[in-house]
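Participant: coords please:
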Amino acid sequence: MMLLEMFIFLLTYFVNMSVVIGVRVPERLKRELERLGIDVSTEVRRFLEKRVREEKARAALKALEEVHRSIGRIPGDHAAGIIREMREG
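Facilitator: Next up, the predicted model:
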């Protein structure tokens, strides 16, 4: 195997690494999931990815609110002056 091919293989391998998370569910639920043909791995992965996105958005919103609070309000005449200055460029 050429050096470049080996590098690409290793890069692909390590970028796509995953870990196993075990979850205990009632046996009845497992049987229902199987009966309905639900791919548990896919469903759990999608759910966790969605939760991570939601938490990141929540954290970003909180940070934005803190910045907004620290800045306070800009007086109307000052804001108008800034806009006028930008328009006249």
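Participant: mean confidence for the biggest helix by length in the chain?
Facilitator: When the chain is parsed with DSSP state H, its longest helix is helix 40-71. Across helix 40-71, the average pLDDT comes to 91.
Participant: and the following helix or strand past that helix, what's its mean pLDDT?
Facilitator: Counting by DSSP states H and E, the next helix or strand C-terminal to helix 40-71 is helix 76-88. In this model, helix 76-88 carries a mean pLDDT of 80.
Participant: Repeat that for stretch 23-31.
Facilitator: The pLDDT scores in stretch 23-31 average 95.
Participant: Okay, now that stretch: how far is its last residue from its first?
Facilitator: End-to-end distance for stretch 23-31, by CA to CA, to the nearest Å: 15 Å.
Participant: Give me the contact list for it.
Facilitator: V44 (CB atoms under 8 Å, 6 or more residues apart in numbering). Where you see a C-beta, it was placed from the backbone N, CA and C, and this is true even at glycine.
Participant: How far does it sit from its chain's centre?
Facilitator: Counting by CA atoms, centre = their mean, to the nearest Å, stretch 23-31 is centred 28 Å from the centre of its parent chain.
Participant: and what of stretch 70-85?
Facilitator: With CA atoms, centre = their mean, you get 34 Å for stretch 70-85.
Participant: repeat for stretch 21-35
Facilitator: 27 Å.
Participant: Now do the end-to-end distance for it.
Facilitator: Span of stretch 21-35 from end to end, CA to CA: 22 Å.
Participant: now do stretch 35-43
Facilitator: End-to-end for stretch 35-43, by CA to CA: 15 Å.
Participant: got a list of contacts for that stretch?
Facilitator: Contacts for stretch 35-43 (CB under 8 Å, 6+ apart): L33.
Participant: Right, I'll call it a day here.
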